[in-house]
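1. how would this look folded up:
(one chain, ligands or ions: 1)
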Amino acid sequence: MTQTLHAVPAGDAIDATALKADVLKHLTFTIGRAPEDAALGDWRMALSFAVRDRITESWLASERAAREAGAKRVYYLSLEFLIGRLLEDALVNLGLAEAAEVALRDLGLALGEVVADEPDAALGNGGLGRLAACFMESLATIGCPAIGYGIRYEHGLFRQQFEHGRQVELPELWLEQQHPWEFERPGSRLRVGFGGHVHQVEGRTIWHPAEEVEAEAFDTPIVGWEGQWANPLRLWSARAVYPFDLNRFNHGDFRGAAEPEALARTISRVLYPDDTTDEGKALRLKQEYFFVAASLADILCRFERDFDDLALLPEKVAIQLNDTHPAVAGPELVRLLHDERGVEFSRAVEIARGCLSYTNHTLLPEALESWSEGLFGHLLPRHLEIIERIDAEHYGAHPDRPGSIFEHGEIQMGTLSFVMAHKVNGVSALHTELMKETVFEGLHQVHPDRIVNQTNGVTPRRWLKSCNAALSDLITETIGAGWVRDLSQLERLEPHLGDGAFINRYAAAKRANKAVFSNWLAGDYGLKVDPDAMFDAQIKRIHEYKRQHLNILQTIAAWQAIHDDPQADWTPRLKIFGGKAAPGYHFAKDIIRLINDVAARLNADPVTSKYLQVIFLPNYNVSLAERIIPASDLSEQISTAGKEASGTGNMKFALNGALTIGTLDGANVEIREQVGPENFFLFGMTAAEVTARRAVPDHARRAIEGSAPLARALGALRDGTFSPDEPGRYHGIADNIAGGDHFLVASDFAAYHAAQTDVSRAYGDRETWARMAARNTARSGWFSSDRTIRGYMGEIWGAAPLID
Ligand SMILES: *Cc1c(COP(=O)(O)O)cnc(C)c1O
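-> Numbers count the residues shown, from 1 in each chain. Predicted coordinates for the structure are as follows:
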């Protein structure tokens, strides 16, 4: 045995030897490179293929087991999967992380560098897409037979850069190199139609689309903890039915010859970089129908291979709609059953409803999806007819008419989803209650059992085990390794919280993460920070409701206060921001620029910078989150109450021992209940108080008059302190806050400022702080996405795990 293999246990040594051989085999035969010529990317591919082989064995065995059991399958339809990198996740779940480290070291490589070479698969905008990715991992860990369906966007979410503080969007090129995890399925192509007309033949309705494209499947197997089960993520790519017009080519029209392919491919070209409103309407609707039609055809094909009675469909098939983006699944399934298989119409609706369920993600009126009847009917004429009939039948059954699918000349996709689903869920307790009182008030009265809650969660494999080795090793040494599969076991840490030695080790793990992060900041961004300063992070999409502007205004106020009295005993802080703004969301982009301008001014201030620094890290994505969260002390969850459906970033932070400063919004409410109010910095109005406050005329002016620090911070926006070359640059933000202030930044400012002062004071007592942080970890077991998935399985899907 070699020196390097000596240190690790025997099992790992055997794994390392086998893995090394497989890496070399793939480097030669799959990549076609000799070791002496291989670049880092070649080694990454070779390792990924070696790992994929192991996942594939588990996946094919899982598929066989599911078929033999005749088990109910879950199909998770989501227009977004924010996956991030897969290599480390797969290694950790297969128990091969150490073996890979040893194998690569033998080959003269560092695993960390190989892992970091993988581009993020950013096929989502934010929380909604990341939830779908956590769910795929939890489904596999639990052993629930499932397929995730989505679109294989050529360009995921844009890459963000800053130029003079401004956001610049560049295309994301994650597929530029080979993507080693996927299996292309040229054999399973399906046709999807658009437009055309509908006519009747002998009592049957036939849709003749004017245009057709092909959907090609790419399968990425997702493996669960300890490699016992794997499920595929099946992403569809669009291509032309007849990709190449030879006739036009032969006439010298080379551009025209390639046109059909270019047009068809547009459908899977880009992810819409906006999670609240829909731009490029027609293309977006095409994307939605494209992936829904391909997925449902695939689902029925699988069902019909094993069963011959369509009445069994709800017993064998559970289809979850992640938000309304796949809502056309309702009418499409009815069409497949009624038009194409002759099932009587209302029976088809009943069967479809038995299969379908819908997750609502937002109450923001501007984010509730709707389509004009004109556009919808033009692209999907038969589906429009089916929706009209569904609406009429629903109305017939409930003549008091709680809410029609057609309102203001638009098809309301939320209402359609509700009517076509047997269960509708919200994503946190508060959000679910608000759903019943607002968007679905009327429908809830008619169907009081339909709405259920499933509070979101995050997978502890990615969001603790692999992103925070220092803390997870400490946890495992203290309570054993069972927490990775059953996160509720974290409560076994509770008896250790009174043990000073344990708290010291907990604090040391956080300190070590902060040191790593500080070194990275110094190396990559040239910012020198004190690892003992409080690391205070707000990382999420930039949106007015999330109130990054509240945070930066308070930062300005803190800076002004330090200037007034630089000799006082200030608690040093590093303010970390990360997040992308939708390209057309100008106000959000102004906020980004303001934060960058404030950062430049504060970091260069010789008087204050030892106490207060600000950094906005560009291109926030999953990998960056994995870096920031384990190193953070404070988690900013400061949305206007009633606006954030759940949040999942808040859970990742609490799990990794960052204390929350937050409003009573989304899952913050449940985090505070779990960790205890004394371990959570609460401030601000409740959802009900927000509604009442908005009705007060001049609420913003009154709040500014009542808070001198707020008035002074706004003054700095107006006098050009942060934009001396263009003093008017931030008048728009100041006017917004002093004027309508829809998100109540001014009204919550004083409470936020006071809570931040409490935070600073609390951080001064390091041992108490560390104990509070440890308590957050110990009491965050509830926020595992395994718990969420078990909730869906029991209350919505009626699905059972096939492993124990
Ligand atoms: C978890 C996560 C989110 C969601 O964050 P919220 O704070 O809940 O909005 C968004 N983007 C990425 C990359 C994430 O990892």
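
2. got the phi/psi numbers for Val696?
-> The phi and psi torsions at Val696 (degrees, to the nearest 10) take the values phi -80, psi 120.

3. tell me which element the closest residue in space to it that isn't next to it in sequence is part of?
-> Spatial nearest neighbour of Val696, chain neighbours left out: Arg702 (7.3 Å); criterion: C-beta to C-beta, 6 or more residues apart in numbering. (C-beta placed from N, C-alpha, C; glycine too.) In this assignment (DSSP states H and E), Arg702 forms part of helix 699-706.

4. And that helix, what does it pack against?
-> helix 708-718, helix 731-738, helix 745-764 (3 or more C-beta pairs under 8 Å, 6 or more residues apart in numbering; DSSP states H and E).

5. Outline the domain layout of this protein.
-> 1-68+85-109, 70-84+120-456+788-797, 460-783 (automatic domain parsing).

6. Make CSV out of those and add distance to the ligand and mean pLDDT.
-> Output for those, formatted as CSV (distance: least, C-beta to the nearest ligand atom, whole Å; pLDDT from 0 to 100):
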stretch, distance to the ligand, mean pLDDT
domain 1-68+85-109, 12, 90
domain 70-84+120-456+788-797, 3, 94
domain 460-783, 3, 98
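
7. which residues does Ala116 contact?
-> Ala116 is in contact with Ser623, counting by C-beta atoms under 8 Å, 6 or more residues apart in numbering.

8. Check whether Thr28 sits in a helix, strand or coil.
-> helix (DSSP: H, G, I helix; E, B strand; the rest coil).

9. and it, how many neighbours does it have?
-> Neighbour count of Thr28, defined by other C-beta atoms under 10 Å: 14.

10. what comes up buried for the helix or strand encompassing Ala294?
-> Element membership for Ala294 (DSSP H and E) is helix 281-306. Within helix 281-306, the residues scored as buried using 16 or more other C-beta atoms under 10 Å are 283-300, 302-303.

11. What of stretch 597-606?
-> Within stretch 597-606, the residues scored as buried using 16+ other C-beta under 10 Å are Asp597, Val598, Ala599, Arg601, Leu602, Asn603, Asp605.

12. did I read that right, Tyr153 in a strand?
-> No - using three-state DSSP, the assignment for Tyr153 is coil, not a strand.

13. and it, how many neighbours?
-> A count of nearby residues for Tyr153, using other C-beta under 10 Å, gives 26.

14. For it, give its distance to Phe81.
-> As judged by C-beta to C-beta, to the nearest Å, Tyr153 and Phe81 stand 10 Å apart.

15. intersection of neighbour lists for those two?
-> With contacts defined as C-beta under 8 Å, 6+ apart, the residues adjacent to both Tyr153 and Phe81 are Leu123.

16. contacts for the helix holding Arg702?
-> With C-beta under 8 Å, 6+ apart as the criterion, helix 699-706 contacts 693, 696, 710-711, 714, 737-741, 744, 746-747, 749-750.

17. what's the burial count for Trp207?
-> 18.

18. and if you look at Gly196?
-> Neighbour tally, Gly196, other C-beta under 10 Å: 17.

19. which ones are touching the nearest residue to it once chain neighbours are set aside?
-> Of all residues not flanking Gly196 in the chain, Ala210 sits nearest, at 3.8 Å (C-beta to C-beta, 6+ apart). Applying C-beta under 8 Å, 6+ apart to Ala210 gives the contacts Gly193, Phe194, Gly195, Gly196, His197.

20. now Leu356
-> By C-beta under 8 Å, 6+ apart, the contact set of Leu356 is Ile319, Leu321, Ala329, Gly330, Leu333, Met420, Ala421, His422.

21. What's the first helix or strand after the helix holding Ala294?
-> Next in sequence after helix 281-306, counting helices and strands by DSSP H and E, comes helix 313-316.

22. helices or strands next to that following helix in the packing?
-> Counting by 3+ C-beta pairs under 8 Å, 6+ apart, the packing neighbours recorded for helix 313-316 are helix 281-306, helix 345-355.

23. and the angle for the first one with helix 345-355?
-> Comparing the axes of helix 281-306 and helix 345-355 via axes from the mean of the first three to the mean of the last three C-alpha atoms, to 10 degrees yields an angle of 90 degrees.

24. tell me which residues in the strand or helix carrying Gly377 are buried?
-> Assigned by DSSP H and E, Gly377 belongs to helix 373-379. With burial defined by 16+ other C-beta under 10 Å, the residues of helix 373-379 counted as buried are Phe376, Gly377, His378, Leu379.

25. Pull the distance from stretch 25-33 to the chain's centre.
-> Distance of stretch 25-33 from the chain centroid (C-alpha atoms, centre = their mean, to the nearest Å) equals 34 Å.

26. just stretch 793-801 next, same as before
-> With C-alpha atoms, centre = their mean, you get 23 Å for stretch 793-801.

27. Would you check that Trp371 makes contact with Ile411?
-> Yes - counting by C-beta atoms under 8 Å, Trp371 touches Ile411, with 4.8 Å between them.

28. quick one, phi/psi of Phe81?
-> Phi and psi for Phe81, reported as degrees, to the nearest 10, are phi -140, psi 110.

29. What is the neighbour count of it?
-> A count of nearby residues for Phe81, using other C-beta under 10 Å, gives 32.

30. wait, doesn't Asn360 sit right on His325?
-> No - using C-beta under 8 Å, Asn360 is not in contact with His325; the gap is 11.9 Å.

31. residue furthest from the geometric center of the chain?
-> For the chain, the largest distance from the centre (C-alpha atoms, centre = their mean) belongs to His251, which lies 48.4 Å off.

32. and the end-to-end length of stretch 526-537?
-> 19 Å (C-alpha to C-alpha, to the nearest Å).

33. How far does that stretch sit from its chain's centre?
-> Taking mean C-alpha positions (C-alpha atoms, centre = their mean), stretch 526-537 and its chain are 27 Å apart.
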